[in-house]
Every structure is written in C-alpha cells, then in structure tokens.
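Peer 1: Any chance you could fold what I've pasted below:
(chains A and B)
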2 protein chains.
Amino acid sequence: MLLAQAPAGIPVLTRGDDVAAVIAPALASLEWPDGSRGLAAGDVVVVSSKIVSKAEGRMIAARDREEAITSQTVREVARRERVDGTVLRIVENPLGLVMAAAGVDASNTPPGTVLLLPEDPDASARRIRRGLHARFGVRPGVLVTDTSGRPWRRGVADIAIGAAGVRVLEDLRGGADSYGRTLTSTVMASADEVAAAAELVKGKAAGLPVAVVRGVTRLVTEDDGPGARSLVRPPEEDLFRHGSG
Amino acid sequence: MLLAQAPAGIPVLTRGDDVAAVIAPALASLEWPDGSRGLAAGDVVVVSSKIVSKAEGRMIAARDREEAITSQTVREVARRERVDGTVLRIVENPLGLVMAAAGVDASNTPPGTVLLLPEDPDASARRIRRGLHARFGVRPGVLVTDTSGRPWRRGVADIAIGAAGVRVLEDLRGGADSYGRTLTSTVMASADEVAAAAELVKGKAAGLPVAVVRGVTRLVTEDDGPGARSLVRPPEEDLFRHGSG
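Peer 2: A predicted model of the protein is given here:
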C-alpha cells in the first residue's frame, strides 16, 4: 500500500536555513496508520523546490524577473504573446528543464520578489538526505519537486527536479507482461509519479511544502544515485526541443 | 492522508465483459488500515485502459497495426526513424491525445494482437461508475488511465484518458498563497496526478490493472462531470502540436 501525507507546522524558510533541520521536527511528528511516527527506511521525502530555493538564497527582486529569465535561458523552445501583451517564454534552463519562464516563479514568495530554481537540485536533495539521515538514523529517498506545464495537456503537475537515493527511472525492460512476453520498451518515470502523488497532499494553497510517501521502498536506494538530472531527455533524443540553442 | 492500493485477483478480461462486475469482487476484498473493507465514498477507482479496451473488444490483429495507427491518426505531430529502421510516429488520435503510435499498444495483449484505446474512455468511466454504484452503494470517482511519454522528459507516466465523477482539473485560481496573495494562474491536473499515484501500486509487470486511491475526496463529485476530455489542450492553445492536420 502507498501512503502519503504532508506534515503541518513547517515555518517559512529564509536564506541560510538548513532545510533538513527546519523540516525534521514536522517529519518527526507524523503519525502513521500502524502507530509508528516519523520517518522509516524506504520512505521518500518530497520537498517543494520553493523552500529549497529560499534556503539557498535564490530570491531576487521582481523587477529583475525578465532579466533573470533571460539569464536562465539556454534555449528558447516556444513563445506566445498573452492577451495582456506580455510574452510567455517556454525555455530550456541550465538544468535541462523546459519550463515556462525558465522556472522563475512569483507565487508563495514575499511581495516584490521572485524565486529562481535551486542551482543544483540534485545536490540539494543529497544535502537534505544527509541531514535527515543524521537526525533519523534512516536514509530516506529525497525528491525536490517543481510544478510544470505539459504540452498537449491542460493543467500543471509536479515533477522531480532533484533526487537523492531514489531510482528515478524504473526500468521494466526485461520483465515479463502477464502473457509472459518480455517488456521491451517500458521505462517508468517513477520519481515524477512520486512527485505527483505527493502534490495531491501538499498543495500550494494549503501551504504544505513537504510530503512523505511510504510504500515505494523498491525505489529507494542506498547510494544517492544519478539524481533527477537523468530524467531530462537529452536534446539529441528529443523531438520537441526546437528553437535557438 | 492519501492511500493507494491495487487488489490482486482480477482475471483477464475478454470482449463483452462488464468491467465493474469483473473487478467488483477484488475491490470488495480490499482491506484498509482503519479496518474497513471495499470501497468508501470519496474513493477514486483507477482502471488501466487496457482492460477496458479488452472488455470493449478493441483487440485487432498485430499485422494490422500500422493500418490501425493510421486510422487513429488525426494529425501526425512528429516522427522518428528508430535504429532498427522502423518509424516511431507521435500522433494526435481521435480523442485529442498525442501519443506514440496513437496509443495502439502491444504489451499485455495475447500474442499476435494489439489493442486500440477505448473509443470513448469518458463513457467507459461513466459506465464503470454506474456499475460500481449499483454494487457498492457509493459513487466513487472513476479514472481510465493509459501510459504516455512526455516531451523533454525521459520515461513514461500514467495519465487520465477517461474520467467520471472526478474533478480532473483543480482550479486554485482565486485561492491565496501563504503570503495572502491571490493565485492567478495555477490549475492542477489532479486527475493525471491521481493516475500517476495509482500507477505506483498497479504496475505493468505486476499484472495489477486496477487501483483505489483514498484521501482525495475533494476531487470526487456527485455529477459525472466533463470527463478527461477536458484535460486535452485544444490545438489552438497548444504551442507543440505541429504537423499536418
């Protein structure tokens, strides 16, 4: 069974905060149906990139937003003029992520400011994992997530942009289907699915930036692993990364 | 708290089966941490499109696969030659879904056959919902899901292609962020997130085609609603639906 819940009581983070230290008390207070509390081996701790960015001092003045988007643009993939005359730019950022406004975000930030994504979310995830290990004695998987639009689909969904100790891609190739035939092409983006599951209990409006997902032990690894960077499809494999590089 | 689990014991479906009737005994046997069994109000039952297609007789001979893909193609969005010389076509199908091979699938089907997607997955979801309501006395949300690739991201993830009684898009606009500012642009694709959460416990290799997601009662509606069709971004809003229509 998969279980996911988001603890209340996580304070607003500011520059210089140790994310693991700030979120640990709330995680420790979580109660599970079997009567246990806190974190257990095999859990995945899912952290919104927003609080990681705040802790890492990635806040800038809103008046510098367009300049920031430009600085975070490796390649413009598409653009569209909005009804109000402003331009929506969908760009590839230095992390290889293709996102509206390069992932530069203005919600849940103090007025007059916007947030850049963490500079290296995989490193952020590893740091949080180390901190949680020191406090809880178990090594949970850690995901750093952000909310992203998708071509062809309405609405946004959470994806993993940083990972430590999580098998982000679950390779079913070589396994068998229910007819005994070898599955030849299925690689699940499991970390993105965990990010999505976690979003259902976190939620922007609820102000709950962290969730714990239990029951996906198969995805949690001893090593930190290659991180969420390996979820980025390299441009040469990608049919939808047009634009000027 | 969100909980998700996939019951064992669902037999292989064949043409003419009533999906709700076939899956009901397995759903009834589910045990929940609070000691309850079966379905409760507010649950979402997530059903792989594959078993719906089988029940609806959407199986065709594999030799007709390319012809089937062509017949399911409203618009070719991209194509690429594989290393083995075959061509991968990413196309918009009659449901508005943009998918590799138009969603025509060869895994978990009897040898020599491939499966088309259900002709109207929203209607399938409504039918399953009615059947579950008749058997359980509660009206769960129902999603019909399929596995899909994504531009820019490696790996595949499950999405909702049919829905009944589920708020597929969760509109946070008008709500407030933690600084009290009105959220102006966030519409979550919640049905896709529920589909992803369910996939983590279902799984192709495990042969578990149905999951129940509990704890997202806010997404379950009395009415069947507009269905998953409303998750399809209309071509005129879409920056990534090139190709010939």
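
Peer 1: Surely residue A:69 is within a strand?
Peer 2: No - going by DSSP: H, G, I helix; E, B strand; the rest coil, the assignment for residue A:69 is helix, not a strand.

Peer 1: Could you check how far it is from residue B:6?
Peer 2: Distance of residue A:69 to residue B:6, computed by C-beta to C-beta, to the nearest Å: 42 Å. Heads up, the C-betas are built off the backbone N, CA and C, glycines and all.

Peer 1: Kindly report the same for residue A:28.
Peer 2: 30 Å.

Peer 1: quick one, which of these two is more surrounded?
Peer 2: Neighbours were counted for residue A:28 and for residue B:6 using other C-beta atoms under 10 Å in any protein chain shown; residue B:6 has more, 24 against 13.

Peer 1: quick one: that one and residue B:197 touch, right?
Peer 2: No - using C-beta atoms under 8 Å, residue B:6 is not in contact with residue B:197; the gap is 11.2 Å.

Peer 1: who touches both of these two?
Peer 2: Common contact partners of residue B:6 and residue B:197 (C-beta atoms under 8 Å, 6 or more residues apart in numbering or on different chains): none.

Peer 1: Output the contacting helices and strands for the longest strand along chain A.
Peer 2: Looking across chain A with DSSP state E, the single longest strand is strand A:153-164. Judged by 3 or more C-beta pairs under 8 Å, 6 or more residues apart in numbering or on different chains; DSSP states H and E, strand A:153-164 is in contact with helix A:49-55, helix A:121-136, strand A:141-150, helix A:190-201, strand B:187-188, helix B:190-201.

Peer 1: Reformat the ones you listed as TSV; add mean neighbour count and distance to residue B:36.
Peer 2: TSV is the format used below for the helices and strands packed on strand A:153-164 (neighbours: other C-beta atoms under 10 Å in any protein chain shown; distance: least, C-beta to C-beta, whole Å):
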stretch	mean neighbour count	distance to residue B:36
helix A:49-55	25	35
helix A:121-136	21	31
strand A:141-150	26	29
helix A:190-201	28	20
strand B:187-188	20	28
helix B:190-201	29	18
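
Peer 1: Please dump the ones you listed into TSV; it should also carry mean pLDDT for every row.
Peer 2: Listed next are the helices and strands packed on strand A:153-164 as TSV, based on pLDDT from 0 to 100:
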stretch	mean pLDDT
helix A:49-55	96
helix A:121-136	98
strand A:141-150	96
helix A:190-201	98
strand B:187-188	93
helix B:190-201	98
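
Peer 1: Name the residue closest to the centre of chain A, please.
Peer 2: residue A:145 (1.3 Å; C-alpha atoms, centre = their mean).

Peer 1: Distance-wise, check it relative to residue B:60.
Peer 2: 40 Å.

Peer 1: Also residue A:8?
Peer 2: 52 Å.

Peer 1: go on, residue A:64?
Peer 2: 57 Å.

Peer 1: neighbour-wise, which of these two wins?
Peer 2: Neighbour tally, residue A:64 and residue B:60, criterion other C-beta under 10 Å: the higher count belongs to residue B:60, 17 against 13.

Peer 1: Please list all residues in contact with that one.
Peer 2: Contacts of residue B:60 (C-beta under 8 Å, 6+ apart): B:68, B:113, B:114, B:115, B:116.

Peer 1: model confidence over the helix or strand it falls within, on average?
Peer 2: In the assignment (DSSP states H and E), residue B:60 maps to strand B:59-61. Strand B:59-61 shows an average pLDDT of 91 in the prediction.

Peer 1: neighbouring strands for that strand, and are they parallel or not?
Peer 2: Strand B:59-61 has its sheet partners listed here by DSSP bridges as strand B:113-115 (antiparallel).

Peer 1: got a list of what residue A:227 touches?
Peer 2: Here residue A:227 is in contact with A:121, A:122, A:125, A:126, A:162, A:163, A:164, A:168 (criterion: C-beta under 8 Å, 6+ apart).

Peer 1: again, but for residue A:187
Peer 2: Here residue A:187 is in contact with A:169, A:170, A:171, A:172, A:173, B:154, B:155, B:156 (C-beta under 8 Å, 6+ apart).

Peer 1: next one: residue A:10
Peer 2: A:22, A:23, A:26, A:51, A:208, A:209, A:210.

Peer 1: pLDDT score for the first one?
Peer 2: What that stands for is residue A:22. 98.

Peer 1: Need the three-state assignment for the residue lying closest to it once chain neighbours are set aside.
Peer 2: Using C-beta to C-beta, 6 or more residues apart in numbering or on different chains and skipping the chain neighbours, the partner closest in space to residue A:22 is residue A:13 (5.8 Å). For residue A:13, the assignment made with three-state DSSP gives coil.

Peer 1: With residue B:142 as the reference, measure out to residue A:13.
Peer 2: For residue A:13, the distance to residue B:142 - C-beta to C-beta - is 39 Å.
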